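Enquirer: fold the stuff below for me.
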Amino acid sequence: MLTSAASTSSAPVSFLALGDSYTIGEGETAAHRWPVQLAALARQQGLNLAEPTIIARTGWTTAELQEAIAAAHDHHTYGLVSLLIGVNNQYRGQSVALYRTEFRALLATAIAFAGGQPRHVVVLSIPDWGVTPFAHDRNRAQIAQEIDQFNLVAHEECQHADVAFVDITPRTRAAASAENQFTADGLHYTGAQMQQWATLALPVVQQQLR
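Expert: Next comes the predicted model:
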């Protein structure tokens, strides 16, 4: 059972979602964004998770997300903070070493938003865009290898900071052989795929917010 502090009879748990196109659900309606679906699933399970505040934009790298956070002047503290970032670092050919430095800084920012509580932060791994129809003429094996390297860095930094890491990458790779998993641009994911991400994150968040 969830404690009364997290139940639907209490005040909602505030939720901040940080990221890029995968967080805003490029090509889908707002209701299909994975953080919105996560909040809805949580409420169905008795966890009163508020609709997310989202700081994310298509194309953002780690540095651009950090700049946008600074520009937002958001000084609120949130009960839950999510972070999904890095695909554009890989896409632009930026180094894994730079990603580590910038991701570490973003993780510290996320923890600060969570009131200094690492256990109220959840990180999702980077989807493998190499399996998408958009990447039909790209080196899919190289993309997969590089995505794995970036995700390894994120996982290591999460372990060091005591932050939960949810690996959604295998689900995104499985989407290659499934129907209705990609939006019209052939690059981003439909609500059906993002629901899987939310479902994977849900038990982690439930445990965190007990």
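Enquirer: the helices in the protein, which residues?
Expert: 21-24, 34-44, 62-72, 87-91, 96-113, 140-161, 169-174, 191-208 (DSSP state H).
Enquirer: so what touches the shortest one?
Expert: Pointing back at helix 21-24 there. Residues from elsewhere that reach helix 21-24 (Cβ atoms under 8 Å, 6 or more residues apart in numbering): 17, 33-35, 54, 56-60, 82, 84, 87, 124, 127, 188-189, 194. (Glycine included, C-beta is placed from N, CA and C.)
Enquirer: what is the burial count for Gln117?
Expert: 17 (other Cβ atoms under 10 Å).
Enquirer: repeat for the one 4 residues further on
Expert: A total of 27 residues lie near Val121 under the criterion other Cβ under 10 Å.
Enquirer: is it in contact with Gly79, as I believe?
Expert: No. Counting by Cβ atoms under 8 Å, Gly79 is not a contact partner of Val121; they are 10.7 Å apart.
Enquirer: between the two, what contacts are shared?
Expert: Joint contacts of Val121 and Gly79 (Cβ under 8 Å, 6+ apart) are Ala114.
Enquirer: could you check how far the residue nearest to the spatial centre of the chain is from Trp197?
Expert: Compute the mean C-alpha point of the chain, and by Cα atoms, centre = their mean the closest residue is Leu84, 3.0 Å away. Leu84 is 8 Å from Trp197, where distance means Cβ to Cβ, to the nearest Å.
Enquirer: who touches both of the two?
Expert: Counting by Cβ under 8 Å, 6+ apart, the contacts common to Leu84 and Trp197 are Leu124.
Enquirer: now Arg140: closest residue in space that isn't a chain neighbour?
Expert: With sequence-adjacent residues excluded and distances taken as Cβ to Cβ, 6 or more residues apart in numbering, Arg140 is closest to Gly130, at 4.2 Å.
Enquirer: what's the burial count for the one you found?
Expert: So Gly130, with other Cβ under 10 Å, has 22 neighbours.
Enquirer: quick one, what contacts it?
Expert: For Gly130, the contact set (Cβ under 8 Å, 6+ apart) comprises Arg138, Asn139, Arg140, Ala141, Gln142, Ile143, Ala144, Ile147.
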